[in-house]
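[1] Pasted the sequence and its predicted model underneath.
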Amino acid sequence: MEQSGPVKKIVDKVADVVEGAVAPDRPEVPGAPGAAPPGVDEPVEPRDPLPPKPDQAAPRPVTATGRDTGAGAEVRAQNGAFLTTAQGARLPDSDHSLKAGPRGPVLLQDHHLREKITHFDHERIPERVVHARGAAAHGVFRGYGTAAGVCKAAFLAEGVETPVFVRFSTVLGSRGSADTVRDTRGFATKFYTEEGVFDLVGNNIPVFFIQDAIKFPDVVHAAKPHPDREIPQAQSAHDTFWDFVTLHTEATHHTLWNMSDRGIPRSFRTMEGFGVHTFRLVNAEGATTLVKWHWKPRLGVHSLVWEEAQLIAGADPDFHRRDLADAIEAGAFPQWELGVQTFPDTPEQTFEGIDLLDPTKIVPEELAPVRPVGLLTLNANPTNFFAETEQVAFHPGHLVPGIDITDDALLAGRLFSYLDTQITRLGGPNFAQIPINRTHAPVNDMLRDGFHQHAVHSGVAPYKPNSLDGGCPFFAGAGDHAYIEHPTPVAAARKVREAPASFDDHFSQPRLFWRSMSPPEREHIIAAYTFELGKCFHRAVKERGLRVLANIDAELCGQVAAGLGLPAPEPTEPTEPAGEVRPSPALSQLGRTWPVAGRVVGLVAGADHGALAAVRRAVLAQDMVPLVIAGTGGAIGAGDDALDVQRTFTTARSVEFDALVLIGAPGPAADADAARDAKAGNPLPVASPVDPRLVLMLAEIYRHAKPVLALEGGQSALQAAGITTNAPGVLVGLPADEAVERLVRLLAAHRVWDRFPPSTAAGG
């Protein structure tokens with residue numbers, strides 16, 4: 001795909017990184033809010049606006065009809081040194097209303113006041129009904145060419161580089177909810193291809209709650225906060241959700257995934273994505289193949305433990321947003337491989353007995369391996385959240401030649417719903433002309449007028465056929481890259497409101513998922529069901545939930561029943577013995593090692609400044625982010641050797657670190673007072689020689705199975721926290737470089753899994 005201007009520069013830069021070159025210059029500690037550090041005093045000398053930060057990008061400057069303007073990305077940004085009205089008139093004052101005398105009254109003729117307040121009154125748009133809480137980034141997709149045999153889409157050809165914009169989101173919560181709630185996540189990708197926009201709108205869970213879109217309002221109404229109190233926010237641990245999913249057992253498979261660690265990902269960067277539905281691909285010869293889309297993160301699949309998720313929701317509700325933006329700013333560009341599972345396009349549209357039109361079913365990767373077809377790299381943060389992340393509009397019907405849809409009843413409803421909701425949210429039918437939504441392909445439509453029309457259409461004949469505009473625009477043929485739906489045969493049928501009999505199996509795949517989990521993952525599922533059902537008010541809902549679990553696995557049901565203090569019911573559906581269900585190792589998050597780029601390591605400073613500097617250098621050399629922690633803020637050391645403190649014991653919490661390095665064991669700081677910081681409260685009768693907030697941090701790090709490294713000066717902190725030096729994942733007495741290398745090996749497995757006690761309830 002031919003590119004020019006700033007996009008070409010971005011693509012070239014990312015291509016270098018993809019090929020293994022050194023990442024461009026980046027800050028050692030990301031998170032600076034502006035492009036330049038401020039001074040103490042307010043600037044008063046007029047100057048032009050600061051440029052965006054180096055990690056930021058903006059929508060490519062194309063016209064409303066898809067023409068490249070050749071302008072730089074800054075063309076849409078503010079310009080000039082002086083404050084103006086929306087019409088460009090310079091303003092001498094924006095702090096005082098125009099009044100009749102200093103004490104008023106305010107005059108109606110104050111046009112600037114009215115413009116400023118009116119715009120403020122309307123600067124919020126309706127949030128999405130679902131997926132309201134989002135974060136996004138710009139990037140590039142490079143095709144491998146391996147899809148050529150099944151798909152003619154130009155962006156999948158070998159070496160073709162396509163700009164993309166990717167938005168991640170939670171489903172249930174409002175825009176103001178927390179990131180780390182237990183929920184399904186959206187993974188939506190907009191490809192700005194030379195043949196038009198292609199939107200791959202998926203989730204981090206490969207199956208859905210329902211099989212038919214007509215039930216989508218029901219599942220969302222059940223999962224959203226109760227309509228009388230508008231609580232709980234962004235949670236499924238309440239009666240209406242469990243009332244629905246226990247009565248509507250086709251939701252069982254998705255619910256089980258959500259109760260697993262997949263429901264609380266560690267990061268968007270360590271999250272898989274799935275297209276959920278089965279799609280039809282068409283190759284250059286017109287042959288068709290059925291496929292399921294997969295996004296595989298280069299960093300591996302990794303999740304939080306439940307206590308971490310709860311602590312983060314309070315300590316940093318923007319955790320996932322911050323993690324994504326900081327990683328990009330730090331040059332640790334997140335990457336995913338796009339892959340496809342392929343299936344013969346038979347009239348039955350089944351594979352190995354699995355109905356491919358049922359969105360509550362997966363095809364295990366052991367039966368149909370995922371074939372990589374391209375690499376996605378996110379390399380730039382948005383310049384403006386509202387203009388880009390909030391206004392981006394996805395639609396499963398944004399397709400390009402070579403990609404077609406199937407008769408999935410859930411997908412059919414989405415094809416209507418996504419378009420319909422954008423018209424309401426974004427003020428009319430011209431939402432495609434908002435910069436972030438603009439196609440990079442030429443547009444010559446006959447759509448006219450409407451709210452927020454940015455194009456200036458010429459001609460007098462927006463209809464077909466016409467002669468007054470010389471017959472233009474003309475229809476394209478297959479040789480002109482027209483989008484032509486594949487002429488799939490449709491069997492003779494009668495109009496019914498039914499589902500195929502194959503959709504009636506609601507438990508065999510949940511059984512497969514459960515039996516594919518490792519012992520720690522099974523324990524987490526048991527704990528999740530126990531917590532969620534335990535939060536329900538009505539006993540009948542809990543009992544019905546147990547009845548569903550009994551049809552999955554007796555041990556799962558029994559352990560949750562014990563936690564709820566209720567009897568475990570017998571299954572109401574036939575269940576296969578465990579030996580007859582072949583587990584799918586691809587469903588487990590354990591068993592492999594992954595890169596550690598972008599992981600956050602906390603460095604607890606001590607008296608040895610040289611050791612702190614050495615460990616910090618070693619962490620940076622591994623492309624990880626070191627954050628220095630001390631009793632107070634400021635800097636450690638002097639002159640050129642000074643190191644800034646990024647966290648204090650007041651501001652730090654264990655959950656923002658993937659590992660902790662103890663270079664010292666600081667005593668209680670001046671603010672280690674329970675009256676000032678409750679974390680400093682010490683329930684023991686003897687005062688700790690180590691700051692009690694560091695002891696708390698170590699206790700949390702340890703029980704969340706994260707690595708701990710203690711240099712010579714830090715071992716007394718382990719003792720204060722009751723952590724033995726020979727415990728799994730605890731490293732002591734090593735030189736800095738060797739210790740960090742060992743730390744990397746532990747982090748590559750995501751957690752110190754041996755630290756979790758042997759499974760007693762779910763070890764089968």
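    Structure received.
[2] residues near F474, how many?
    Neighbour count of F474, defined by other C-beta atoms under 10 Å: 10. Any C-beta I mention is one placed from the backbone N, CA and C, and that applies to glycine too.
[3] And the pLDDT at it?
    For F474, the pLDDT comes out at 89.
[4] Secondary structure element holding it?
    Using DSSP states H and E, F474 is not contained in any helix or strand.
[5] shaky segments in the protein?
    Across the chain, the ranges flagged by pLDDT under 70 are 1-25, 578-579, 683-686, 758-764.
[6] How is the residue of it positioned farthest from its centre assigned, secondary-structure-wise?
    Each residue of the chain has a distance to the centre, and by C-alpha atoms, centre = their mean the biggest one is for G101: 53.4 Å. When classified by DSSP: H, G, I helix; E, B strand; the rest coil, G101 comes out as coil.
[7] for it, phi and psi?
    Main-chain dihedrals, G101, degrees, to the nearest 10: phi 90, psi 160.
[8] Okay, it and L108: tell me how far apart.
    15 Å (C-beta to C-beta, to the nearest Å).
[9] likewise V181?
    Taking C-beta to C-beta, one finds V181 at 47 Å from L108.
[10] So which of those two has more stuff around it?
    Neighbour count, other C-beta under 10 Å: between V181 and L108, V181 has more, with 24 against 9.
[11] Helix or strand for the spatially closest residue to the more buried one that is not a sequence neighbour, just tell me which one.
    Excluding the flanking residues, the one nearest V181 by C-beta to C-beta, 6 or more residues apart in numbering is A234, at 4.3 Å. If you go by DSSP H and E, A234 is not part of any helix or strand.
[12] what's near enough to touch A234?
    R133, T170, L172, G173, S174, S177, A178, V181, D183 (C-beta atoms under 8 Å, 6 or more residues apart in numbering).
[13] out of these, who has the most neighbours?
    Neighbour-wise, the contacts of A234 (other C-beta under 10 Å) top out at R133, 28 neighbours.
[14] my guess is it meets S169, correct?
    Yes: between R133 and S169 there is a contact under C-beta atoms under 8 Å: 5.8 Å.
[15] tell me, what's touching those two both at once?
    In contact with both R133 and S169: no residue, using C-beta under 8 Å, 6+ apart.
[16] phi, psi of A412?
    Dihedral angles (degrees, to the nearest 10) for A412: phi -60, psi -40.
[17] same thing with I636?
    phi -110, psi 130.
[18] Grab the nearest non-local neighbour of it.
    Nearest to I636 is L643, by C-beta to C-beta, 6+ apart, at 5.0 Å.
[19] in stretch 670-683, what counts as buried?
    Going by neighbour count (16 or more other C-beta atoms under 10 Å), the buried part of stretch 670-683 is D671, A672, D677, K679, A680.
[20] likewise stretch 548-560?
    Under 16+ other C-beta under 10 Å, the buried positions of stretch 548-560 are V548, L549, A550, N551, I552, D553, E555, L556, C557, G558, Q559, V560.
[21] Next, format the residues you listed as TSV and append secondary structure and distance to L50.
    Below are the buried residues of stretch 548-560 laid out as TSV (DSSP: H, G, I helix; E, B strand; the rest coil; distance: C-beta to C-beta, whole Å):
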residue	secondary structure	distance to L50
V548	helix	56
L549	helix	56
A550	helix	62
N551	coil	60
I552	coil	56
D553	coil	58
E555	helix	60
L556	helix	56
C557	helix	59
G558	helix	61
Q559	helix	57
V560	helix	55
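[22] what's the distance between the residue farthest from the centre of the chain and G563?
    70 Å.
[23] and the residue nearest to I636, how far is that from V628?
    Counting by C-beta to C-beta, the gap from L643 to V628 is 6 Å.
[24] Which of the two has more residues huddled nearby?
    Comparing L643 with V628 by other C-beta under 10 Å, the one with more neighbours is V628, at 22 against 18.
[25] Provide a list of residues in contact with P473.
    Contacts of P473 (C-beta under 8 Å, 6+ apart): N444, D445, M446, K464.
[26] which parts of stretch 151-162 are buried?
    Applying 16+ other C-beta under 10 Å to stretch 151-162 flags C151, K152, A153, A154, F155, L156, A157, V160, E161, T162 as buried.
[27] Now the fourth one: phi and psi?
    Taking degrees, to the nearest 10, you get phi -60, psi -30 for the backbone angles of A154.
[28] these two touch, right, it and E195?
    Yes: proximity of A154 to E195 meets the contact threshold set by C-beta under 8 Å, at 5.4 Å.
[29] overlap in contacts of these two?
    Jointly contacting A154 and E195 under the rule C-beta under 8 Å, 6+ apart are V400, P401, H481.
[30] these two touch, right, the first one and H440?
    No: judged on C-beta under 8 Å, V400 makes no contact with H440 at a distance of 11.9 Å.
[31] Between these two, which contacts overlap?
    T193.
[32] and A332, what is it in contact with?
    A23, A597, G598, D623, V625.
[33] for the third one, what are its contacts?
    So that's G598. R269, L299, D323, D326, A327, A330, A332, P334, D623, M624, V625.
[34] Over to H452. Which of the three states is it?
    coil.
[35] Apart from its chain neighbours, what residue comes closest to it?
    Nearest to H452 is N430, by C-beta to C-beta, 6+ apart, at 4.9 Å.
[36] Q310 now?
    T180 is the one closest to Q310 (C-beta to C-beta, 6+ apart), at 7.9 Å.
[37] rewinding a little: I'd like the buried residues of stretch 151-162 as JSON lines, with secondary structure and distance to K542 appended.
    Converted to JSON lines, the buried residues of stretch 151-162 look like this (three-state DSSP; distance: C-beta to C-beta, whole Å):
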{"residue": "C151", "secondary structure": "coil", "distance to K542": "47"}
{"residue": "K152", "secondary structure": "coil", "distance to K542": "52"}
{"residue": "A153", "secondary structure": "coil", "distance to K542": "48"}
{"residue": "A154", "secondary structure": "helix", "distance to K542": "53"}
{"residue": "F155", "secondary structure": "helix", "distance to K542": "49"}
{"residue": "L156", "secondary structure": "helix", "distance to K542": "48"}
{"residue": "A157", "secondary structure": "coil", "distance to K542": "54"}
{"residue": "V160", "secondary structure": "coil", "distance to K542": "53"}
{"residue": "E161", "secondary structure": "strand", "distance to K542": "53"}
{"residue": "T162", "secondary structure": "strand", "distance to K542": "49"}
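[38] nearest to P30, of those?
    E161 (25.5 Å; C-beta to C-beta).
[39] what's the span of stretch 651-665, first residue to last?
    17 Å (C-alpha to C-alpha, to the nearest Å).
[40] which residues of the stretch 301-450 of the chain fall in helices?
    Listed in chain order, the helices of the stretch 301-450 of the chain (DSSP state H, counting those that start in this stretch) span 306-315, 319-329, 409-425.
[41] Please work out which residues outside the helix or strand hosting E532 touch it.
    Using DSSP H and E, E532 sits within helix 519-534. Helix 519-534 has contacts (C-beta under 8 Å, 6+ apart) with 182, 236-237, 242, 256, 259-261, 263, 305-306, 514, 517, 541-542, 545-546, 549, 556, 559-560, 563-564, 588-590, 753, 756, 758-759, 761-763.
[42] Show the buried residues in these.
    The neighbour count (16+ other C-beta under 10 Å) marks 182, 236-237, 242, 256, 259-261, 263, 305-306, 514, 517, 541-542, 545-546, 549, 556, 559-560, 563-564, 588-590, 753, 756, 761-762 as buried among the contacts of helix 519-534.
[43] State the distance from P735 to A614.
    Distance from P735 to A614, counting by C-beta to C-beta: 8 Å.
[44] okay, those two: which has more neighbours?
    Legend: neighbour count by other C-beta under 10 Å for P735 and A614, higher for A614 (18 against 13).
[45] check which helix or strand covers that one.
    With DSSP H and E as the test, A614 turns up in helix 609-621.
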